[in-house]
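# Sharing a sequence plus its predicted fold:
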Amino acid sequence: MKYIFVTGGVVSSLGKGLAAASLGTLLEHRGQRVALQKLDPYLNVDPGTMNPLQHGEVYVLADGAETDLDLGHYERFTNSILTRANNVTSGQVYETVLSKERHGDYLGKTVQVIPHITDEIKARIRLFQETTNADILISEIGGTTGDIEGLPFLEAIRQFILQVGPENAILMHVTLVPFIKAAGELKTKPTQQSVAKLREIGLQPQVLLCRTEQPLDPEVREKLSLFCNVPLDGVIEARDVEHSIYEYPLLLQQEGLDEKVCRLFGITTPPAQMSAWRQLVKTIVYPTHRVKIAIISKYELQDAYKSIYESLTHAGGASDCGVSIIVVDAEEIELYGPEKYLSNVSGILVPGGFGDRGTEGKITAARYAREHGIPYLGLCLGMQIATIEFARHVCNLERANSTEFDPTTPHPVISLLEEQKEVSHKGGSMRLGTWPTLLKEDSLAHRIYERSEIAERHRHRFEFNNTYRSELEAGGLLIGGTSLDGQLVEMIEIPDHPWFIAVQFHPEFQSKPNAPHPLFQAFVAACMR
Ligand code: GLN
């Protein structure tokens, strides 16, 4: 197996994840089997407990792992199958080492960062050689060089490269080359210093991926090469993409990144054939049609709903339609009413979420969609919201609610299952990962998926309360999908509406630019109509 380690320098948010994913795309187009891994130096065991405002979306894998949003890029840009082994955090590493220590596995030794933590990190990198048939592992290290918490990872990589041999491992450093207006020039010093930091601990990059707003002229390239000790053809310019992140692989190919990587590894393959990808980008960037869709949110940060944005983009691409997303703050709807924000949109989407802030605004938005015949897509919390709205305003169940938001509601249409209440005390009550759903014949869901059984990813605690099932059905709600035993309601729809579907799962985790998710496709198509 060949290894590519990706580090970041100077500042965060340089798009290391996108760079790693895009390189993955190019290498796959050269016939290589690629695996991608994210190593996160923070102490949380996983990002599941982190506020999306701080950390962006929690991306859920098929096996139920709650992971960093970069894994979403990996899945969207490549065909590699990801499991919980693909996102390693310091928290997990320490948890393993500490439990071994309590077990007495270290036989009286002093347990230390080096070698015990670094050995555990190396084991988690080496794992891929045994568990996958990938030719190349791209392993991205979160954070920025110079971070104290990142040091054990960098030391582990140094040892790892020594052990597998430099011919089998590449270090790609993603860095910033800022343009300073006052001087009218690009500055290489921050990059020099971040590479110096790497070399201090014995790491020498072979590739510098330079994020820049301006083209790197030959002089700048030579300076970077000479002072960072990187051969000139390893200095790769990475300009900001103009329209879409899916342009990034094309841009990096033009700069010769995949060619350089293959050369370093001694891999001989024909150049990547990117014409289908290029066509895809074209339909995404230059659509004939355009629709406006409102996402009723409570997190302003765009990263909090990353996969939803991407899924809408993919679906738009399939319909030659650009999707303009309007983010509407649910709390503003509570204050000023829905009319001001929703009267000129073609679709309304209520995404997932936790906690009661903004829920009344979301309920108002769902009502607005239902009463005005505006296409509605509810995702996870968005299904619970639609259920509450229907119960209150169609079935006249006053103060109907989820017990998450109102534990004393007279009509808990969304609640915990009896058996979950037990589990919740042990802190493990979340339903996570892929579960099958049975679709009802003659439902809109069945027409969209064109089959009777689907598998989608979940991340939620509360469920549709079956006590209210027949009452809501009598009111005109259709249960379009359930768990295989029929017990859990997974999808609802309103037949007496142009397009109204809400789902308990997260379809946004299974959409790719070249394989748009059917539900998002149908939603965008309905919005266009
Ligand atoms: N808070 C809700 C629950 O736990 C919805 C979760 C979500 O939208 N991901 O069931």
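It's in.
# so where's the stretch 151-300 of the chain shaky on pLDDT?
For the stretch 151-300 of the chain, applying pLDDT under 70 flags the ranges 300.
# same check, this time on the chain
300-301, 419-428.
# Apart from its chain neighbours, what residue comes closest to the residue of the chain found nearest the ligand?
Going by C-beta to the nearest ligand atom, the ligand is nearest to Gly352 of the chain, at 2.8 Å. Quick note: C-beta positions are derived from backbone N, CA and C, even for glycine. Closest residue to Gly352 apart from its sequence neighbours, by C-beta to C-beta, 6 or more residues apart in numbering: Cys380 at 3.7 Å.
# So that neighbour is in contact with Pro507, correct?
No - if you go by C-beta atoms under 8 Å, Cys380 and Pro507 don't touch, sitting 9.8 Å apart.
# Which residues are in contact with Asn168?
1-3, 265 (C-beta atoms under 8 Å, 6 or more residues apart in numbering).
# actually Leu438, not the one I wrote
Leu438 touches 452-453, 481-484, 486, counting by C-beta under 8 Å, 6+ apart.
# do the helix or strand hosting it and the ligand meet at all?
Assigned by DSSP states H and E, Leu438 falls within strand 431-439. No - shown here: strand 431-439 not in contact with the ligand (C-beta under 6 Å from any ligand atom), separated by at least 8.1 Å.
# swap in stretch 388-401?
No - Stretch 388-401 lies out of reach of the ligand by C-beta under 6 Å from any ligand atom, never closer than 11.6 Å.
# Now find how far off-centre that stretch is within its chain.
34 Å (C-alpha atoms, centre = their mean, to the nearest Å).
# Could you do stretch 389-409 as well?
On C-alpha atoms, centre = their mean, the centre of stretch 389-409 falls 32 Å from the chain's centre.
# Helices - which of the contacts of Asn168 land there?
Those of those mapping onto helices are Phe265, per DSSP state H.
# Neighbour count and distance to Phe77 added to the contacts of Asn168, as CSV?
Converted to CSV, the contacts of Asn168 look like this (neighbours: other C-beta atoms under 10 Å; distance: C-beta to C-beta, whole Å):
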residue, neighbour count, distance to Phe77
Met1, 18, 20
Lys2, 22, 19
Tyr3, 22, 19
Phe265, 19, 20
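# ok, so of the contacts of Asn168, who is nearest Leu171?
Taking C-beta to C-beta as the measure, Leu171 lies nearest Tyr3 of these, at 9.2 Å.
# Quick check: residues of the chain near the ligand?
352-354, 380-381, 404, 459-462.
# could you flag which of the residues you listed are buried?
The neighbour-count test (16 or more other C-beta atoms under 10 Å) marks 352-353, 380-381, 404, 459-460, 462 as buried among the residues of the chain next to the ligand.
# among those residues, which two are most distant?
Glu404 and Arg459 (13.9 Å).
# contacts for the helix or strand following the strand holding Leu438?
Once the chain leaves strand 431-439, the next helix or strand it forms, by DSSP H and E, is helix 444-449. With C-beta under 8 Å, 6+ apart as the test, helix 444-449 has contacts from 439-440, 452, 478, 480-481, 491, 493, 495, 499, 501, 518-519, 522.
# show me where the stretch 1-150 of the chain has helices.
16-28, 52-55, 70-77, 90-103, 118-131 (DSSP state H, counting those that start in this stretch).
# For Pro412, which of these is the nearest?
Of those, nearest to Pro412 by C-beta to C-beta is helix 52-55, at 25.9 Å.
# possible to save the helices of the stretch 1-150 of the chain as TSV with mean neighbour count?
TSV is the format used below for those (neighbours: other C-beta atoms under 10 Å):
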stretch	mean neighbour count
helix 16-28	25
helix 52-55	15
helix 70-77	25
helix 90-103	15
helix 118-131	17
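# thinking again about what came up before, and the residue nearest to Gly352, what does it touch?
By C-beta under 8 Å, 6+ apart, the neighbours of Cys380 are 351-353, 458-460, 503-506.
# Can you tell me how far Arg370 is from Leu342?
12 Å (C-beta to C-beta, to the nearest Å).
# correct me, but Ile245 touches Thr25?
No - counting by C-beta under 8 Å, Ile245 does not reach Thr25; the two are 11.1 Å apart.
# residues bridging contact with those two, i.e. touching both?
Contacts common to Ile245 and Thr25, judged by C-beta under 8 Å, 6+ apart, are absent.
# strands paired with the helix or strand in which Leu377 is found, and their directions?
Using DSSP H and E, Leu377 sits in strand 376-379. When pairs are called by DSSP bridges, strand 376-379 turns out to pair with strand 347-350 (parallel), strand 500-503 (parallel).
# List of residues touching the first one?
Contacts of strand 347-350 with the rest of the structure, by C-beta under 8 Å, 6+ apart, involve 291-296, 308, 312, 342, 362, 365-366, 368-369, 374-379, 381-382, 385-386, 502, 523-524, 526-527.
# Quick one: buried ones out of those residues?
291, 293-296, 308, 312, 342, 362, 365-366, 368-369, 374-379, 381-382, 385-386, 502, 523-524, 526-527.
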